[in-house]
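Chemist: model this:
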Amino acid sequence: MFKTIGNAFKIKDVRKKILLTLLLLLIYRLGCWLPAVGFDASAISGINEGDSFNFFSLMNMVSGGALSNCSILALGVSPYITASIIIQLLTVAVPALENLAKNGEDGRRKINFYTRIAALILALAQAIGIVVGYSSSIDANLTGALPTWLVGAGVVLILVAGGMFTVWIGERITDLGIGNGMSLLIFVGILSSASSAFGSAIKQTISNINFLWVIVLFLVAVVLIFAFIVFVDGGERRVQVQYAKQVKGRKMYGGQSTYIPIRVNGSGVMPIIFASALITFPQLILSFWPESSAYAWYSRYLGAGTWPYIVVSSLLILAFAFFYAQISFNADDVSKRIQQQGGFITGIRAGKPTSDYLRKISNRITLFGAIFLAFIALIPSLAFWAIGEYAGAATLINAFSATGLMIVVSVALELDKQLEAQMLMRNYKGFLD
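Modeler: Model (predicted):
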């Protein structure tokens, strides 16, 4: 990948896109350190410390510590990601949205508009949840001069504006820079949280030298997880397709052999994000009443690290993996396209037998991919149980969660492919000129 980046900097147009992407990411990271007026940062700075990993800890990790800093960009990309999940689910369930998705560029623009509206509503809900859940962190100096509700409303407006500004930065990166903007913002946020947690772990070894072994074992586990994720991410089943020869005039067309790649992990990290968003959404709603028995019950029995949480998360990941596989790989459409182009799978009749054959292979491959995703998602909970005697290890695991590692690997591989595609396009353009 480093070689690809070095070659990309030699091409002027690609270099401009990379520099613009870095500039926008820098603006985002600066915004993550600008404090929101009305919040006492010292009262909320311990949000990512301790052994628990709740909804706010997840938001803090994805935003790169912006929530614990009480910054204006504390919401990060969380509202937009959740809104995208909801719109994708509705696209399958609502025929009108499904028709929009198939309506080309105009349909995609309308769906993006609906996604932004949903992101705005969710940003408002999350901002209210943060203010209500951490009402004790509202700056006492301001509440002495102004009503508490007015200060809280001001903080909500600041957080919502910061969340929508983050969406704007992500879209500008997608349109003008390199790669998917939202993915890169999450990528940078996770790396920032990981570097901060690793620095804190290094400092802890000064007071407790035994903690050094935890760091060494943890780094070895991180390298192994990286290798495992890359290995599975590149795995695919290639279904051979043969195209019949066709004579048109004096020329002969077709006759070549190709394949349909069905990836083991074709859905990427999306099922994990879907499952995490769904299981933590009730906790977000209940956080409006932090002293209620329902919030205490949910945090105790369905909080991260509990066995019910592990079981429910695994089942949700399996379900969403199959759901997303049906969206990304439609066996009926693929079979119809093969038949229209005069192709066939050796030993399989065209039409419904081909679609049934492809669907069977896809379901079998998806099952292994779903088990892999569930295993990756459960690694942090297993690690908590294994090294729970070390208090500082929890913060390290929160920042270097297996889900975060998978997002980092997926985004890095996708960015590498984007850079190679940009350079290939420029090389072809120069050759044709």
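Chemist: from here on, just use CA atoms for contacts and neighbour counts.
Modeler: Noted.
Chemist: got a list of contacts for the helix or strand Phe323 falls within?
Modeler: Per DSSP states H and E: Phe323 is located in helix 307-328. When contacts are defined by C-alpha atoms under 8 Å, 6 or more residues apart in numbering, helix 307-328 is touched by residues 266-267, 270-272, 274-276, 279, 301-304, 362-363, 366-367, 369-371, 373-374, 378, 381.
Chemist: give the rounded mean pLDDT of it.
Modeler: In this model, helix 307-328 has a mean pLDDT of 80.
Chemist: likewise for stretch 222-241?
Modeler: For stretch 222-241, mean pLDDT rounds to 80.
Chemist: hmm, back to that, list buried residues within the contacts of helix 307-328.
Modeler: Burial by neighbour count, 16 or more other C-alpha atoms under 10 Å: within the contacts of helix 307-328 this picks out 266-267, 270-272, 274-276, 279, 302-304, 362-363, 366-367, 369-371, 373-374, 378, 381.
Chemist: about what we covered before: so which of the contacts of helix 307-328 sit within helices?
Modeler: Within these, residues falling in helices by DSSP state H are 270-272, 274-276, 279, 301, 362-363, 366-367, 369-371, 373-374, 378, 381.
Chemist: show me what the helix or strand harbouring Leu358 is packed up against.
Modeler: In this structure, Leu358 is located in helix 352-386 according to DSSP H and E. Applying 3 or more C-alpha pairs under 8 Å, 6 or more residues apart in numbering; DSSP states H and E, we find helix 352-386 packed against strand 257-263, helix 270-286, helix 307-328, helix 331-340, helix 391-399, helix 402-432.
Chemist: out of those, which one sits most buried?
Modeler: Per residue and on average, the most neighbours among the helices and strands packed on helix 352-386 fall to helix 391-399, with a mean of 23 (mean count of other C-alpha atoms under 10 Å).
Chemist: need the strands for the stretch 101-250 of the chain, in chain order.
Modeler: Secondary structure of the stretch 101-250 of the chain (DSSP state E, counting those that start in this stretch): strands at 236-243, 246-248.
Chemist: tell me which of those sits most buried.
Modeler: Most buried of the strands of the stretch 101-250 of the chain by mean neighbour count (mean count of other C-alpha under 10 Å) is strand 236-243; its value is a mean of 15.
Chemist: output the lowest mean pLDDT helix or strand found in the chain.
Modeler: helix 391-399 (a mean of 56; mean pLDDT, DSSP states H and E).
Chemist: alpha carbons only: can I get stretch 91-101 in CSV?
Modeler: Extracted C-alpha coordinates of stretch 91-101, given in CSV (Å, rounded to 0.1, in the frame of the first residue of the first chain):
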residue,chain,number,x,y,z
THR,A,91,-35.3,0.5,0.5
VAL,A,92,-36.0,-3.3,0.7
ALA,A,93,-39.3,-3.0,2.5
VAL,A,94,-40.8,0.1,0.8
PRO,A,95,-41.5,-0.3,-2.9
ALA,A,96,-41.3,3.4,-3.6
LEU,A,97,-37.8,3.6,-2.2
GLU,A,98,-36.8,0.5,-4.1
ASN,A,99,-37.9,2.1,-7.3
LEU,A,100,-35.9,5.2,-6.5
ALA,A,101,-32.8,3.0,-5.9
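Chemist: show me which residues of that stretch are buried.
Modeler: The neighbour-count check on stretch 91-101 (16+ other C-alpha under 10 Å) flags Thr91, Leu97, Glu98, Leu100, Ala101 as buried.
Chemist: could you do stretch 179-198 as well?
Modeler: Under the neighbour-count criterion of 16+ other C-alpha under 10 Å, stretch 179-198 has 179-194, 196-198 buried.
Chemist: many thanks, have a good one.
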